[in-house]
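Asks: using only what follows, build the 3D model:
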Amino acid sequence: MEMAWFDEPENSSGAVGARLSTDAAIVRNLLGDALGLAVHNITILVAGLAIAFASNLKLSLIILVMLPFMCLNGWIQMKSMRGFSRDAKKMYEQASQVANDAVSSIRTVASLSAEEKVVELYQKKCEGPTRKGIRQGVISGIGFGVSSSLIYCAYAASFYAGARLVRSGETTFGKVFQVFFAFTMAATGISESNSAVPNAEKAKSATASVFAVLDRKSKIDPSDVSGMTLENLEGEIKFRHVSFKYPSRPEVQIFHDLCLSIKSGTTVALVGESGSGKSTAIALLQRFYDPDSGNILLDGIELHKFNLKWLRQQMSWVSQEPALFNDTIRANIAFGIEGNATETEIVAAAKAANAHEFICYLQKGYDTIVGERESSSPVVKNKGLPSRAILKGSKILLLDEATSALDAESERQFKTQRSK
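Replies: Numbering: from 1, shown residues only. From the prediction side, this is the model:
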């Protein structure tokens, strides 16, 4: 997906995480247990009807009149609960976002003594799903009760009709009980199917949610193999009359008729206040977004004509908040590098970023696991991960205030290595 898709509120990290964990699990259950139960119930229904018709056709037809009412009950249940699962899922995604934000920023929450406020906000977000769940449970319970009542009515009808037929000599008690037990077996399958209506509605909503993502065609697709590549890239960049607004904030104009030329082998700094578009220029250059108007050229060729994966491989980007993955420092430095980086290359990159001594100071060195919760992670972010850009060795180096958190010596060494 393109970055604009992730900017939408409904595609926040909490919402996407909920879809990946909850919706995928529901779909998996639908294809497993629910599908098996459906086949089981259909088999029981067909077998029961076959035995009943073979035993006594007339009595079976009389009892069969009750079957449409049972099916009507299940249909009414499904219609009554349509939209419940979808609405509840959206509400749970909002609650999941609150929990995700609180956990990822737990130190900030603790420093502000805001634990109770977060819990209160989470509970508030859960009130809607709770009300929906109660209503769904009531409707499901009433539907199951009506379904059971219809089954008992079918029992009564079968015995009454059977008694009349026995009295007239058209059948025997043995045949009546054969028909009765055959329809009991069939009715059990229908009743179990009716009780599964809530889960079926959830599965329907979850399946629609999952396939809405899978079937969506990305406007900027990194898996697209089309597009040109250059054997020898010079690295000359031009912004020609570029205008841009973020799709999620169309009322805010970031760039209007921007023109900028950067020669190959030069260093250019974009200076401005927060929100002036410095990071946006980098995002456009990497084709996280496409400009609303104007063109961005690389070596005189418009960016959208290049193969996207190849284009991004020509750039090394160090953001304001470099991302750490739950893996070793070695794996984090080598992350995204084409092929397998050697130990010598990784160490050399760490030394160039003035991170080698700090990494060796750790008990497990380059094998230290880092991640969101590790105490060493902030230092690794600021000192170690710029070495990822050095190791990549791309023609174009993009720094988004990457040295703001470095000490003077580390910044000096990084700039020296960058200029080589």
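Asks: K278 touches D400, doesn't it?
Replies: Yes: counting by C-beta atoms under 8 Å, K278 does reach D400; the two are 7.2 Å apart. Bear in mind the C-beta positions are built from the backbone N, C-alpha and C, glycine included.
Asks: please tell me how far A24 sits from T207.
Replies: Going from A24 to T207 by C-beta to C-beta, to the nearest Å gives 10 Å.
Asks: next: R312.
Replies: Applying C-beta to C-beta to R312 and T207 gives a distance of 33 Å.
Asks: do the same with K351
Replies: Distance of K351 to T207, given as C-beta to C-beta: 52 Å.
Asks: what do you get for G141?
Replies: For G141, the distance to T207 - C-beta to C-beta - is 25 Å.
Asks: now do the strands in the protein.
Replies: Ranges of strands within the chain are 237-244, 255-262, 293-298, 301-302, 315-318, 327-328, 369-370, 396-399, based on DSSP state E.
Asks: adjacent strands (with direction) for the first one?
Replies: Sheet neighbours of strand 237-244, with direction, are listed as strand 255-262 (antiparallel), strand 293-298 (antiparallel) (DSSP bridges).
Asks: on that earlier part again, which of R312 and T207 has more residues huddled nearby?
Replies: R312 (18 against 15; other C-beta atoms under 10 Å).
Asks: and the more buried one, what does it touch?
Replies: Neighbouring residues of R312 by C-beta atoms under 8 Å, 6 or more residues apart in numbering: P222, Q286, R287.
Asks: closest one to K245 out of these, please.
Replies: Ranked by distance to K245 (C-beta to C-beta), the contacts of R312 are led by R287 at 16.5 Å.
Asks: wait, the closest one touches L303, no?
Replies: Yes: counting by C-beta under 8 Å, R287 touches L303, with 5.6 Å between them.
Asks: which residues are in contact with each of those two?
Replies: L311.
Asks: show me how this structure divides into domains.
Replies: 3-214, 237-307, 315-418 (automatic domain parsing).
Asks: tabulate these (a markdown table), appending distance to E231 and mean pLDDT.
Replies: Listed next are the domains of the chain as a markdown table, based on distance: least, C-beta to C-beta, whole Å; pLDDT from 0 to 100:
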| stretch | distance to E231 | mean pLDDT |
| --- | --- | --- |
| domain 3-214 | 29 | 73 |
| domain 237-307 | 11 | 90 |
| domain 315-418 | 12 | 74 |
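Asks: how about CSV for these, with distance to T229 added?
Replies: Output for these, formatted as CSV (distance: least, C-beta to C-beta, whole Å):
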stretch, distance to T229
domain 3-214, 22
domain 237-307, 5
domain 315-418, 13
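Asks: so which of these gets nearest S226?
Replies: Once the domains of the chain are compared by C-beta to C-beta, domain 237-307 is nearest, at 6.9 Å.
Asks: what's the spacing between that closest one and its chain's center?
Replies: The chain centre lies 29 Å from the centre of domain 237-307; the measure is C-alpha atoms, centre = their mean, to the nearest Å.
Asks: and if you look at stretch 46-66?
Replies: 48 Å.
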